[in-house]
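Novice: everything below, folded, please.
(2 chains, ligands or ions: 1)
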Amino acid sequence: MMKPKTEAELAGMVGAASGPLHVFGGGTRPVGKPVTGEALSLADLSGIVDYEPGALTLVAKAGTPVAEIEAALAAEGQRLAFEPMDHRALLGTQGTPTIGGVVAANVSGPRRVSVGAARDSLLGVRFVDGSGRVLKNGGRVMKNVTGYDLVKLLAGSHGTLGVLSEVSFKVLPTPEAVRTLVVHGVTDVAALDAMTRAITSPFEVSGAAHLPGDDPRVLLRIEGFAGSVAYRAGQLTSLLADLGEISEIATPEDNAGLWRAVRDAEALKDRANVWRISMTPGAMVNGLLQALGDDARTYILDWAGGLCWLGADGGPEALHHRLQSLVADRAVNAGGGGHVTLVKGDAALRASVPVFQPEPAPIAALARGLREKFDPKGILNPGLMG
Amino acid sequence: MEMPAPNPKVLSLKARLVERLHQVLPADAVIHEEAETRAYECDALTAYKCPPLCAVLPSSTQEVSDVLRICHDMGVPVVPRGAGTSLAGGALPTADSVILGVARMNEVLETDYDNRFVRVQTGRTNLSVTGAVEADGFFYAPDPSSQLACAIAGNIAMNSGGAHCLKYGVTTNNLLGVTMVMMDGTVVEIGGAHMDAGGYDLLGLICGSEGQLGVVTEATLRILPKPEGARPVLMGYDSNEVAGQVVSDIIKAGVLPVAIEFMDRPCIRATEAFAKAGYPDCEALLIVEVEGSDAEIDEQLGLITQIARKHNPVELRESTSAEESARIWLGRKSAFGAMGQINDYMCLDGTIPVSQLPYVLRRIGEMSREYGLDVGNVFHAGDGNMHPLILFDANKPGDLELCEAFGADILRLCVEVGGCLTGEHGVGIEKRDLMVDQFAPDDLDIQMAVKDVFDPKWLLNPAKVFPLAASEARRAA
Ligand SMILES: Cc1cc2nc3c(=O)[nH]c(=O)nc-3n(C[C@H](O)[C@H](O)[C@H](O)COP(=O)(O)OP(=O)(O)OC[C@H]3O[C@@H](n4cnc5c(N)ncnc54)[C@H](O)[C@@H]3O)c2cc1C
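Specialist: You can find the predicted model right below:
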């Protein structure tokens, strides 16, 4: 296994490689088509390079453990606003999640609805392309439109366009107080109603999730200064009173545990196969979940209904194709936008189905064209994204 | 500013081109008489002018596609145009190009409050997007100062920001999907109303690509519920260092204002003379705005003024009414106009790490004396996006060149301290030749490789973004 300690060493290894490389950070997120190739681990390219709390910016090498970054930020009362998911519980993987892995998979948590995704907090990247060139884009300042935005392109490219060596982020202060309103006994439709009312109100929620099942409930998180949190909790409670009984979760520890479970899709961890579905909340509940009917199996909704984690134990191929075609079906999803990704499945399954939502021909051609430019030798996680 | 020599072959095709454009567009949508093409000879960077070969004003995505197919077929360069308010010369024509203006495409196509989006044609102005949804309690967050005039098309191409982006982000953070026409006429849909890309984030790549990857005809935009209220506080300080420290302390205290605006003495004096907003005559002035219900605003402003007081302000004025808020914003909003009263000015747009603020302001002051040109600074302090305004006299020979040299030095300084050439206005032609100061040749090469994929013949928005020498081989191919 190759394990570069510096960016220059990394560039040398990629430049000299003639066969496929399997690039990974902590190895906790084996998403995508299985890759066969020589292992290239970024774990030793690690450490926080620069952190300016007064400017809300942090720069770290790609292999830096997420936990190390979160600890450094917590010491200054700050955090990664987009709340990156930890995939280990869901996927049953071991290892240490790295910040480069978060970027490569554009991993965001429940706060995605209020502060954006990982890519929205990402200010700059340094990476090594498939020819072994060290490249940079963006920087470490919050506003930057100098040249094309390859920062966004690299986020979520799963190591197929370049091997990330350094990333810089905008971070945010951790609010003084947090509270969660729990609306009990809701159907999917009522849950959508509750989440929609909350997120379209001026009372800013930083998380809106629905956990169906025996004790179906909607969770609405409110964060900020104590006075403001109390005020908004009161306003939202009156706004939602007709939908069901409402209780509150007020301690920081209880809130942290609750939202970690949503973030990490813990409810699905015993399912053999898990899919991640992104659509508008309306199309998700009134279109997709309706169409699936009793086949909806185990699922939870996050992002005010815009994200569904769906798990099942049998017949994964058929379900996979059904999900991907339902999302593309205008009768189910009038707007047409959205995607289904197989997140959890054994290598054989991942090898046999399109893990990522198939794209229309002209878009697929652009993706292929970009891959050929960034990785002319075709050695960076080849085939992972198609 | 050097521009590539017009291609004589393309110039000679004009009659045939106009004839073919007439086949796909109504007569009044093809502008080719020399007197009329002058209307498109520049954008808001008026120092540079060049009438295009002709201009077209299509009314639909289909018409845009027809136009591009013809131009592609005939090898004619195309310069997309929104409202022409670019300060970077992003919409400057070349003599052998067709201006493709989307101004006639200004409809709202879909409004969906439950799913929090609107879909519009991109010729629609920024402010009228909010206008279409505000009666129902929503708004579109990115708010460039030019929002009355500028179009969503240009906002997407430049990834424009505004005063409130500290909290809400810039265009790219509020853009969900686009319909785009490729140079060969192919229409593609990228993104939608859902969140995040399924494959590569092409939407993020297109936003900020300055009209060089495709012509964006429709956009799906995130809309947000309007906050209950907003109120600013104004504070004046005796030194830029202290004001910079206040900004940093506010941010560290965990308050996230929607805006933190900074003005220095030359700018304060100019706006006072012009707008009479009653600003104190001091070294540095801050306007900090927060949002929420009355009680929430009080809670935040309480914290902010507590921090402000610790640093001995020469003035601290908290707004308690809509009228006072308007007065506090009055000077800031008329800053550009005020500087324009004194003289011609050039507006720069570099970004620096916030911690470098005092040093950079000091250096700009020194350079101002060396160049003998006055400069006022007004900027978004929370995110380090500076707008130095350099005053010059366009009628005085050599003054524009001097001003440009001074501007370039300021932007190089921004890069040197860890910032960048442009925070929200874009590169255009204005900062094109400075790109080599921020990027190594390989960094530029990989960006140009992206253009190779989207526009292999390099016909879209020629001579922008990349130094001509760097792109020469590709343009010639
Ligand atoms: C007084 C003043 C204040 C300003 N304040 C701000 C500010 O606060 N923040 C800020 O960010 N900017 C500001 N600007 C700059 C300018 O308004 C923005 O860059 C704006 O987004 C340009 O929009 P436009 O529609 O006028 O675009 P244009 O000037 O017409 O074009 C800008 C660029 O977009 C490309 N383009 C246009 N239409 C399309 C299309 N359909 N598809 C693809 N590419 C296209 C053009 O080729 C060009 O490169 C200001 C300008 C002025 C004059």
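Novice: so where do the strands sit in the stretch 151-300 of chain A?
Specialist: A:163-170, A:172-173, A:177-184, A:207-211, A:217-224, A:246-249, A:273-278, A:298-302 (DSSP state E, counting those that start in this stretch).
Novice: so for A:Ile379, which of those strands sits nearest?
Specialist: With Cβ to Cβ, the closest approach to A:Ile379 among those belongs to strand A:163-170: 10.2 Å. All C-beta atoms are positioned from the backbone trio N, CA, C, and that covers glycine.
Novice: ok, residues contacting the closest one?
Specialist: Strand A:163-170 is contacted from outside by A:7, A:10, A:14, A:23, A:40, A:42, A:45, A:49-50, A:56-62, A:80-81, A:99-100, A:103-104, A:121-128, A:134, A:138-140, A:142, A:154, A:380, using Cβ atoms under 8 Å, 6 or more residues apart in numbering or on different chains.
Novice: could you pull out the buried residues of stretch A:49-63?
Specialist: Across stretch A:49-63, burial judged by 16 or more other Cβ atoms under 10 Å in any protein chain shown covers A:51-63.
Novice: near the ligand, from those residues?
Specialist: Applying Cβ under 6 Å from any ligand atom, the subset of the buried residues of stretch A:49-63 adjacent to the ligand is empty.
Novice: need those in JSON lines (columns: pLDDT and secondary structure).
Specialist: Shown next, in JSON lines, are the buried residues of stretch A:49-63 (pLDDT from 0 to 100; DSSP: H, G, I helix; E, B strand; the rest coil):
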{"residue": "A:Tyr51", "pLDDT": "96", "secondary structure": "strand"}
{"residue": "A:Glu52", "pLDDT": "92", "secondary structure": "strand"}
{"residue": "A:Pro53", "pLDDT": "91", "secondary structure": "helix"}
{"residue": "A:Gly54", "pLDDT": "86", "secondary structure": "helix"}
{"residue": "A:Ala55", "pLDDT": "87", "secondary structure": "helix"}
{"residue": "A:Leu56", "pLDDT": "92", "secondary structure": "coil"}
{"residue": "A:Thr57", "pLDDT": "95", "secondary structure": "strand"}
{"residue": "A:Leu58", "pLDDT": "98", "secondary structure": "strand"}
{"residue": "A:Val59", "pLDDT": "98", "secondary structure": "strand"}
{"residue": "A:Ala60", "pLDDT": "98", "secondary structure": "strand"}
{"residue": "A:Lys61", "pLDDT": "98", "secondary structure": "strand"}
{"residue": "A:Ala62", "pLDDT": "98", "secondary structure": "coil"}
{"residue": "A:Gly63", "pLDDT": "98", "secondary structure": "coil"}
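Novice: thinking again about what came up before, only whichever of the contacts of strand A:163-170 are buried, select them in ChimeraX.
Specialist: Only the buried entries of these go into this ChimeraX selection, using 16+ other Cβ under 10 Å:
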select /A:7,10,14,23,40,42,45,56,57,58,59,60,61,62,80,81,99,100,103,104,121,122,123,124,125,126,127,128,134,138,139,140,142,154,380
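Novice: from the contacts of strand A:163-170, which land in helices?
Specialist: A:7, A:10, A:14, A:99-100, A:103-104, A:121, A:154 (DSSP state H).
Novice: state the pair within the residues you listed that is farthest apart.
Specialist: The farthest-apart pair in these, when distances are taken by Cβ to Cβ, is A:Val14 and A:Ser121, at 26.6 Å.
Novice: give me the subset of the contacts of strand A:163-170 that also touch chain B.
Specialist: Among these, the ones lying near chain B by Cβ under 8 Å from any Cβ of the partner chain are A:56-57, A:134, A:139-140, A:142.
Novice: many thanks, I have nothing further to ask.
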